[in-house]
Structures are given as C-alpha cells and as structure tokens.
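Q: Quick one: sequence and predicted model below, then my questions.
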Number of protein chains: 2
Amino acid sequence: MTASLPKHDVFQAIADPTRRQLLELLSDQEMPVTVISGHFPMSRTAVSKHLRILADAGLVKDRKVGRETRYRLDPEPLLELKRWLAYYERYWENKLSVLKHLVESDEPNGAAPFPPLTVIERKTTE
Amino acid sequence: MTASLPKHDVFQAIADPTRRQLLELLSDQEMPVTVISGHFPMSRTAVSKHLRILADAGLVKDRKVGRETRYRLDPEPLLELKRWLAYYERYWENKLSVLKHLVESDEPNGAAPFPPLTVIERKTTE
DNA sequence: ACGAAACGAAACCAAAAGGTGTCATAAAGG
DNA sequence: CCTTTATGACACCTTTTGGTTTCGTTTCGT
C-alpha cells in the first residue's frame, strides 16, 4: 500500500495554464526538456519544475534516452477528473430542475431548511 | 462585449479541495454563509473568500434574502472543463496507440523528430 | 429604539507557487 | 581527453494563496 502517494493531485496540476499547454504539447509525442522549453517564454528550469509537478500527479512519464530525458503524456489520471465531473453532469443536464428547486424553497426561513451539520474533516497532509 | 470577464478561471477554482467540497455541499441546495461555514474547520471569513473565488469563476450564484446571502451551485462553467477533458479522451481510449507511437519513434536521434518550434505566448493578464 | 445576527471589507501574516540564475554531473562527440 | 550538451539540484526572490482577526453596515427580533 501507500502506493506512490502523489505529492500533487491532478486538480492542482492542471490549474496552471502553462502546465495545460505542456500536456497539450506532449500529447502528440515525447520530447526532451530542451525542446519542450523552447516552446515556452521562460527558463528551462522553470519548465522543468512544471514537468516535475505534472510527473508527481502522474500526468507525464519520463524516460532517459542517452543524456536526455524525454517526457510524454500519461492521460490516465485524467480519469479521476472525469469521474469528479460526472457527478455534476446531472446538474447541468437539467438546469430546469435546479430552478424548480429554487422556487420550491420559497419560504424566507423554513423550519429545518438545511442538512444536519456535518463538519468536513481537514484532509491531513499525508 | 467584455462579458463579465471572470477573474478566476474554473481550473484554478476547483484546484482547492475546500472549494470542491463547497461545490459538493451547495449542489443540493442553496445555503447562507453561516450555515456553510459551519461545515468547515475554518473561519466564516475564510469560507466567504472561497465562495468569492467560486463566484468569480461563475461556479456559484448568490442571492440576498433578508440579511443573509444564499449561495448555490451553478454547474455551467464546468462545461469548459468537460470540453478540455474531451480533447484527451481519445488518448486513454486507446492507450495502445500511445504505446505504438513510442515504439515507432525508436531511433535515438531521428532526423526531424520534433515539431516546428512554436513559442506559446504568455497569456497577458486581461 | 436597540441589541444581536449575518455578512463583506480590510489589514495582516505565513507558506506555497512560480519564476530566476548558478552549479555539478553525466553522456556525446570530436 | 576535453569540450559541449542535457539535465537536475540549489539558493534565492517576488507574488499569490489561504488563513486569521477586527470593524462597519444592514437586517432582524423584541
């Protein structure tokens, strides 16, 4: 167990626009760092750090080829994102039902309008 | 034009685990800030700021009811996320083709192995 | 009319994020 | 060999983020 414990999760990894562009660039083919960083208006080191974060999230894989390290997309962790998103699909599928909900809870201050207070635990840093 | 120019984008908004929990909590029904913050191990103000960020991204809507402000989910911006994700679906649908790609680009240093260097413009802060 | 409740705004703070440049090392290539 | 190339590891800096507390304003309830 404790299988690889990703230090960065997918949500955080894709939050940065540069990293999303990296994923797009690497989706076609694998590339070494120098070539990759040539596509971005920042230092190679900066790009390298972004790649590290993506790797931590499992979104890219690397392999050494001679003196270079080639990176390529691994889309697998995006499945988690897809599953997360799937939960909300039902909400936009019928926005009308949302509207209906709004109208129904019309009373300014209902009797017991809100669910039992369940405190959401702070995820302890693993 | 310049239609509402969201200061925070969806990707950044959902990057924070607390904000994802907020979305989940608000997906069922609308709630005023005090009730919402009762579910989280942090100050009301902190929760309020998270709600602000979600609102900036268009993920929640608020309406004033008396002295309280009730927040509720608006799933619409998640469509952007869904579209972004859709681009990558073809990659995990056939991970085998990715593998094939890898094997084919076997030569240690091919003639012109990488695409023409197109520098990706830094998105100027709007 | 007045105290309490609900909330946003502001000032503040520590830590994380996103950059930079320099350096050490390993592999390639005369 | 000796130089160049590719890269990761550091040390460092600035801005953003996520949190706090305090304060003012509006609305409610009595």
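A: Everything's here; your move. Numbering: from 1, shown residues only, chains lettered A, B, ... in the order given.
Q: which residue does chain A bring closest to DNA strand C?
A: residue A:66 (2.6 Å; Cβ to the nearest atom of the strand). Any C-beta I mention is one placed from the backbone N, CA and C, and that applies to glycine too.
Q: Can you tell me how far residue A:27 is from residue A:60?
A: 10 Å (Cβ to Cβ, to the nearest Å).
Q: which SSE is residue A:69 in?
A: In the assignment (DSSP states H and E), residue A:69 maps to strand A:68-73.
Q: Tell me the first helix or strand C-terminal of that strand.
A: That would be, after strand A:68-73 and using DSSP H and E, helix A:78-93.
Q: Would you confirm that residue A:53 contacts residue A:19?
A: Yes: if you go by Cβ atoms under 8 Å, residue A:53 and residue A:19 touch, sitting 6.6 Å apart.
Q: Pull up the gap between the residue of chain A closest to DNA strand C and residue A:32, please.
A: Applying Cβ to Cβ, the value for residue A:66 to residue A:32 is 9 Å.
Q: if you count what's nearby, which of the two comes out ahead?
A: The neighbour comparison of residue A:66 against residue A:32 (other Cβ atoms under 10 Å in any protein chain shown) goes to residue A:32, with 18 against 9.
Q: give me the beta-bridge partners of that one?
A: residue A:70 (DSSP bridges).
Q: what residues are up against it?
A: A:65, A:68-71 (Cβ atoms under 8 Å, 6 or more residues apart in numbering or on different chains).
Q: Check which helix or strand the closest residue to residue A:11 other than its chain neighbours maps to.
A: Nearest residue to residue A:11 in three dimensions, chain neighbours excluded: residue B:15, at 5.0 Å (Cβ to Cβ, 6 or more residues apart in numbering or on different chains). Counting by DSSP H and E, no helix or strand carries residue B:15.
Q: Looks like residue B:15 contacts residue A:10 (just checking).
A: No: taking contacts as Cβ under 8 Å, residue B:15 lies outside contact range of residue A:10: 9.6 Å.
Q: show me what contacts residue A:75?
A: A:27, A:59, B:88, B:91-92, B:95 are the contacts of residue A:75 under Cβ under 8 Å, 6+ apart.
Q: Next one: it, what pLDDT does it get?
A: Here, the pLDDT recorded for residue A:75 equals 96.
Q: any idea how far it is from residue B:54?
A: Relative to residue B:54, and taking Cβ to Cβ, residue A:75 is found at 27 Å.
Q: Now the common contact residues for residue A:53 and residue A:19.
A: Common neighbours of residue A:53 and residue A:19 (Cβ under 8 Å, 6+ apart) are residue A:13.
Q: In a helix, residue A:61, correct?
A: No: counting by DSSP: H, G, I helix; E, B strand; the rest coil, residue A:61 is not found in a helix; it is strand.
Q: just to revisit the earlier point, what about residue A:53 and residue A:19, which has more around it?
A: For residue A:53 versus residue A:19, neighbours defined as other Cβ under 10 Å are more numerous around residue A:19 (22 against 18).
Q: Once you drop chain neighbours, what's closest to the more buried one?
A: Computed as Cβ to Cβ, 6+ apart, the closest residue to residue A:19 that is not its neighbour in sequence is residue A:50, at 5.2 Å.
Q: Please apply the same query to residue A:55.
A: Of all residues not flanking residue A:55 in the chain, residue A:62 sits nearest, at 6.4 Å (Cβ to Cβ, 6+ apart).
Q: mind listing what the residue in chain A that chain B sits nearest to touches?
A: Proximity of chain A to chain B (Cβ to the nearest Cβ) peaks at residue A:15, 3.7 Å away. By Cβ under 8 Å, 6+ apart, the residues touching residue A:15 are B:11-12, B:14-15.
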